[in-house]
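Colleague: can you look at this prediction? I've put the sequence above it.
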Amino acid sequence: MRIYNKTLSDCECFQLQSAFDMTFEITVGLPGGYPKPGKNYPLLLVLDGSLTFATAFETVRAQSGLGGIEEIIVVGIDTPPDEGNAMRGLKRLRYLTPGCPQRGPHIEPVFQLYKEAVDQLGWDFEDTFGGAADFLGFIEKNLMPVLSDRYAVAVDDIGLFGHSAAGAFAAYALFEDSQLLRRYLIGTFGTEWWDDIEAVEKAFVENQKSSSNRVARKVYHAVGGAELDEPASAQAGIGLPMLERLKDLKLPRIDITTHVFDGEDHASVIPHIIATGIRKLYGTGLGYAEGLTARLENDETASL
């Protein structure tokens, strides 16, 4: 028996330095048969790439292989692995969050965990959070030019996936009206990262109603059913009610879908959100036989 290491095929990695002195590892997963002459591909940015990139990439390959969704370039974003998972986890709070978490009786246990971890590193607690604006700037001004130069990217069709703190960042990018991002796959997030989330929601609604020049966007937001019964998430400001309010308003040029996966918790819900959300955002509308036939006819590399 021969034991050997195996990595995902059709993937490549590089590192990129940000203007706020943080290095990111970028993993790019390419569609089968890439590139095809004259074809530009939608691109999905996947946050917390060390945890979620492989799931997203394999999900895209499976669904696009059967013609159920479009062919997509999947890009994972994370800090490099050599610092260890603990440091990675703390750094993600720095660049993903809109602000310092707002204290309350239900989030207090989680707040104290953050505080203890930050104190052990000797960091200032307030400075450990709130880098979402810088990170969005990094994606728009640093990362995307590199990706669009190297790969056949449809620059007007960029999507974003994030869950937990990364879900808060995805919501932040939506509320900031990013002109880059057109499809949002948002997992469970808390609203405690904003000083005044009600004001953010109100401003977003007013901005959407006041302009006819908005780009069309699709949003899929989902949570685990078990999370709704967990005080540390449900009563600390889970974002589901807000996204459902926005959906009910039927704002112009923004299509919002929400979903609850019964019985799933904050971790187990991740693959469900990815698999269903990708189908909702990138679905071709073709059934199994139709999709497979279309893939076989249009791609010589396709196989059963």
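Modeller: Cool, the structure landed.
Colleague: so Gly224 makes contact with Phe261?
Modeller: Yes: Gly224 is within contact range of Phe261, at 5.4 Å (criterion: Cβ atoms under 8 Å). For the C-beta atoms, the positions are set from N, CA and C on the backbone; glycine is no exception.
Colleague: list the residues that contact both of those two?
Modeller: Residues touching both Gly224 and Phe261 (Cβ atoms under 8 Å, 6 or more residues apart in numbering): 269, 272.
Colleague: comparing the two, which residue is more hemmed in?
Modeller: Set Gly224 next to Phe261 and count neighbours by other Cβ atoms under 10 Å: Gly224 wins out with 24 against 18.
Colleague: any chance of the backbone angles for the residue nearest to Glu71 when sequence neighbours are not counted?
Modeller: Of all residues not flanking Glu71 in the chain, Pro31 sits nearest, at 4.1 Å (Cβ to Cβ, 6 or more residues apart in numbering). When read as degrees, to the nearest 10, the backbone of Pro31 gives phi -70, psi 160.
Colleague: count of residues packed around Thr293?
Modeller: Using other Cβ under 10 Å, Thr293 has 13 other residues around it.
Colleague: show the pLDDT at the nearest residue to it once chain neighbours are set aside.
Modeller: With sequence-adjacent residues excluded and distances taken as Cβ to Cβ, 6+ apart, Thr293 is closest to Gly67, at 7.4 Å. Among the per-residue scores, Gly67 holds a pLDDT of 91.
Colleague: about what we covered before: so what's the residue nearest to Glu71 up against?
Modeller: 10, 41, 60-61, 64, 71-73.
Colleague: give the bridge partners for Leu160, please.
Modeller: For Leu160, the beta-bridge partners are Leu45, Tyr184 (DSSP bridges).
Colleague: quick one, grab the pLDDT at it.
Modeller: pLDDT recorded at Leu160 is 98.
Colleague: ok, Gln15 - how many residues close by?
Modeller: Gln15: 10 surrounding residues under other Cβ under 10 Å.
Colleague: got the residue ranges for the helices in the stretch 101-250 of the chain?
Modeller: Using DSSP state H, counting those that start in this stretch, the helices found in the stretch 101-250 of the chain span residues 108-121, 132-138, 144-150, 165-175, 197-210, 231-234, 240-249.
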